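Student: Provided below for reference: sequence and predicted model.
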Amino acid sequence: MFSFMKQPAYLPAQTGPEADARYSRMRLQVFLGAFIGYAGFYLVRKNLSMAIPEMEPLGFVKSELGFVLGLNAAGYAFSKFLMGSVSDRSNARVFLPLGLVLSALAMCFMIVPIQAIGAQHKTMAIVVMGILNALVGWFNGMGWPPCGRVMTHWFSQNERGTMMSIWNCAHNVGGGLVGPMATYGAVWFGSWLYGAHKEFYFLVGTFAFPAAVALFIALLAYVLLRDTPQSCGLQSIEAWRNDYPKNYSEKHEETLSTKDIFFKYVLNNKYLWFIALSNAFVYMVRYGCLDWAPAILKDKGIDIKSAGWAYFAYEYAAIPGTLLCGWVSDKVFKGKRAMPTILFMALVLVFIALYWAFIDNLTVVIFSLISIGFFIYGPVMLIGVQALDLVPKNAAGTAAGLTGFFGYFLGTFILANWMIGWVAQTFGWSWTFLLLVVACLLSVFFMALTCKQESR
């Protein structure tokens with residue numbers, strides 16, 4: 001590992017009123033760094049989905065673009081799993097901003113295959129676009145694991161569900177801005193860069209403008225983040241709050257070997273595999289609705305500005321929904337994660353059916369997208385919390401990486417992006433909704449397999 005990425009050494013722990021005040025202040029600072037930093041990743045993550053409706057007039061088709069879109073998820077899936085293990089042995093303060101800078105640079109270069117190579121050299125354009133989008137996904141995979149590391153070291157298990165539900169809204173703060181940034185970035189900077197070539201204005205809004213903002217956020221995250229309390233001369237969070245999990249030991253504070261992380265704590269845990277499979281179908285629904293909403297609305301005659309605001313509404317509706325799901329999990333189900341996940345996915349199924357039944361009614365479609373966004377992100381968050389709770393905190397990145405790999409490789413790349421793109425191109429949108437209904441049912445089935453163990 002590069003020396004600049006190594007975990008900082010633990011300093012002698014301070015105690016007393018001054019240390020307590022510093023601990024409280026540092027927790028807020030680190031939380032803000034993780035929140036703002038992770039929101040930044042979503043500015044340079046799935047931008048291609050906003051560009052798809054504007055790329056079709058240039059000569060690209062849905063099936064090709066769906067495959068390129070899916071490579072982003074594939075790169076993210078492998079990175080989240082493999083880089084999760086690296087992050088468990090790295091300095092989160094360096095690891096997260098580095099990933100964000102690289103993501104922004106790769107996203108900005110997406111302009112090259114679209115404009116400079118173009119559909120007249122389609123094979124080359126698709127290959128280059130696919131490589132760049134896979135790199136965007138890979139570098140984005142450096143975002144969640146260090147945040148998971150920070151959250152497990154600075155917040156104890158009995159408060160983690162609530163804090164994770166608040167932090168998880170960073171998905172939506174960043175992701176929801178992609179639509180308006182695509183719209184207004186093109187308006188503000190399109191003519192300045194492309195003059196009379198209005199067909200290229202969208203490239204600024206969807207790729208260059210968000211990348212520039214993400215670079216600034218990376219610097220801000222570096223200023224705010226710290227790796228662990230012990231590296232700042234503070235006690236472990238369990239000692240400071242006197243809040244020890246039943247399976248806690250001093251060994252949980254030690255950096256684990258890669259072998260122990262994978263083979264002792266992660267790969268032999270069957271409940272991690274159940275929630276990973278459930279996560280695959282949750283993500284199929286999440287991105288099956290989100291990534292293809294602009295294309296569906298465009299096909300129905302809705303302009304890109306309205307599609308951008310629909311994208312925004314989907315993401316921002318998730319904020320109160322995620323907070324509600326975290327509250328329900330802690331207060332109603334007493335810290336259990338499976339039942340609220342099942343409940344919320346059942347409600348997602350209802351609104352997918354409504355979306356499908358009234359596909360030609362823009363008002364109902366927007367309402368359905370808002371409702372799906374409201375309910376889908378709670379399960380996304382709770383599955384991540386379950387993964388963190390099932391392993392020692394120094395294996396948190398790898399555990400989350402396993403569930404993330406299933407979510408992004410199987411659920412997003414294979415099912416939501418490639419399969420839905422192919423089905424939409426070949427059979428039409430109605431068949432894609434049937435796939436989403438089945439995905440909801442399968443997510444509930446695999447999550448139900450964990451209920452009995454959670455009750456114990």
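Tutor: Yep, that arrived.
Student: every contact and neighbour count from this point should use C-alpha atoms.
Tutor: OK.
Student: packing partners for the helix or strand where Pro146 lies?
Tutor: Using DSSP states H and E, Pro146 sits within helix 144-154. Counting contacts by 3 or more C-alpha pairs under 8 Å, 6 or more residues apart in numbering; DSSP states H and E, helix 144-154 is packed against helix 17-43, helix 62-87, helix 92-108, helix 157-167, helix 396-405.
Student: quick one, what contacts the nearest residue to Gly130 once chain neighbours are set aside?
Tutor: When the adjacent residues along the chain are set aside, Gly130 lies closest to Val68, with 4.8 Å between them (C-alpha to C-alpha, 6 or more residues apart in numbering). Under the criterion of C-alpha atoms under 8 Å, 6 or more residues apart in numbering, the contact partners of Val68 comprise 126, 129-130, 133.
Student: quick check: which ranges of the stretch 201-350 of the chain have low pLDDT?
Tutor: 244-267, 300, 302-311 (pLDDT under 70).
Student: what count of nearby residues applies to Leu442?
Tutor: Number of residues near Leu442 (other C-alpha atoms under 10 Å) recorded here: 18.
Student: likewise for the one 10 residues further on?
Tutor: Counted by other C-alpha under 10 Å, the residues lying close to Lys452 total 9.
Student: the residue nearest to Gly130 and Lys198: what is the separation?
Tutor: Computed as C-alpha to C-alpha, to the nearest Å, the Val68 to Lys198 distance reads 24 Å.
Student: before we move on, what about Val350?
Tutor: Distance, Val350 to Lys198, by C-alpha to C-alpha: 40 Å.
Student: low-confidence ranges, the stretch 1-150 of the chain, go.
Tutor: Low-confidence regions of the stretch 1-150 of the chain, defined by pLDDT under 70, span residues 1.
Student: 90 instead?
Tutor: Where the stretch 1-150 of the chain drops to pLDDT under 90, the residues are 1-15, 45-90, 110-123, 125, 144-145, 148-149.
Student: residue boundaries of the helices in the stretch 301-450 of the chain?
Tutor: Defined through DSSP state H, counting those that start in this stretch, the helices belonging to the stretch 301-450 of the chain, from first to last, are 304-327, 338-357, 362-389, 396-405, 420-427, 429-448.
Student: just checking, what packs against the fourth one?
Tutor: What that stands for is helix 396-405. Short answer (3+ C-alpha pairs under 8 Å, 6+ apart): helix 396-405 packs on helix 62-87, helix 144-154, helix 270-290, helix 362-389.
Student: chain center to it: distance?
Tutor: Averaging C-alpha positions (C-alpha atoms, centre = their mean, to the nearest Å) puts helix 396-405 12 Å from its chain's average.
Student: and if you look at the shortest one?
Tutor: Between the mean C-alpha location of helix 420-427 and the chain-wide mean there is a distance of 25 Å, by C-alpha atoms, centre = their mean.
Student: averaged pLDDT, it. What do you get?
Tutor: Model confidence over helix 420-427, given as mean pLDDT, is 84.
Student: pull out the buried residues from that helix.
Tutor: Across helix 420-427, burial judged by 16 or more other C-alpha atoms under 10 Å covers 420-424.
Student: now those residues as a markdown table including distance to Ser85?
Tutor: What follows is the buried residues of helix 420-427, written out as a markdown table (distance: C-alpha to C-alpha, whole Å):
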| residue | distance to Ser85 |
| --- | --- |
| Ile420 | 31 |
| Gly421 | 32 |
| Trp422 | 34 |
| Val423 | 35 |
| Ala424 | 37 |
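Student: out of those, the closest to Pro113 would be?
Tutor: Proximity of the buried residues of helix 420-427 to Pro113, judged by C-alpha to C-alpha, is greatest for Gly421, which lies at 20.5 Å.
Student: gap between that closest one and Leu100?
Tutor: Counting by C-alpha to C-alpha, the separation of Gly421 from Leu100 is 28 Å.
Student: ok, for the residue most central in space within the chain, nearest residue in space, not its chain neighbours?
Tutor: Geometric centre of the chain, nearest residue: His171, 5.8 Å, by C-alpha atoms, centre = their mean. Here the nearest residue to His171 in space, its sequence neighbours aside, is Ala39; by C-alpha to C-alpha, 6+ apart that works out to 5.7 Å.
Student: show me what contacts that neighbour?
Tutor: Going by C-alpha under 8 Å, 6+ apart, Ala39 touches 170-175.
Student: lowest-confidence entry in those?
Tutor: The member of the contacts of Ala39 with the lowest pLDDT is Asn172, at 76.
Student: now whatever helix or strand that one lives in: buried residues?
Tutor: Using DSSP H and E, Asn172 sits in helix 170-194. Using 16+ other C-alpha under 10 Å as the test for burial, helix 170-194 gives 170-187, 189-190.
Student: and after it, which helix or strand comes next?
Tutor: Going down the chain from helix 170-194, the next helix or strand is helix 201-203, by DSSP H and E.
Student: contacts for that following helix?
Tutor: By C-alpha under 8 Å, 6+ apart, the residues outside helix 201-203 that reach it are 51, 54, 111, 182-183, 185-187, 189-191, 194.
Student: report the separation between Asn242 and Asn158.
Tutor: Relative to Asn158, and taking C-alpha to C-alpha, Asn242 is found at 11 Å.
Student: same question but for Ala211, I mixed them up
Tutor: Spatial separation of Ala211 from Asn158 under the definition C-alpha to C-alpha is 37 Å.
Student: ok, back up a step: for the contacts of Val68, pick the one with the most neighbours.
Tutor: Neighbour tally across the contacts of Val68 (other C-alpha under 10 Å): the maximum, 30 neighbours, falls on Asn133.
Student: residues touching that residue, list them.
Tutor: Contact analysis of Asn133 by C-alpha under 8 Å, 6+ apart lists 68-69, 71-72, 106-107, 110.
Student: what helix or strand does it sit in?
Tutor: Element membership of Asn133, judged by DSSP H and E, is helix 122-140.
Student: how many neighbouring residues does Ser371 have?
Tutor: Neighbour count for Ser371, taken as other C-alpha under 10 Å: 22.
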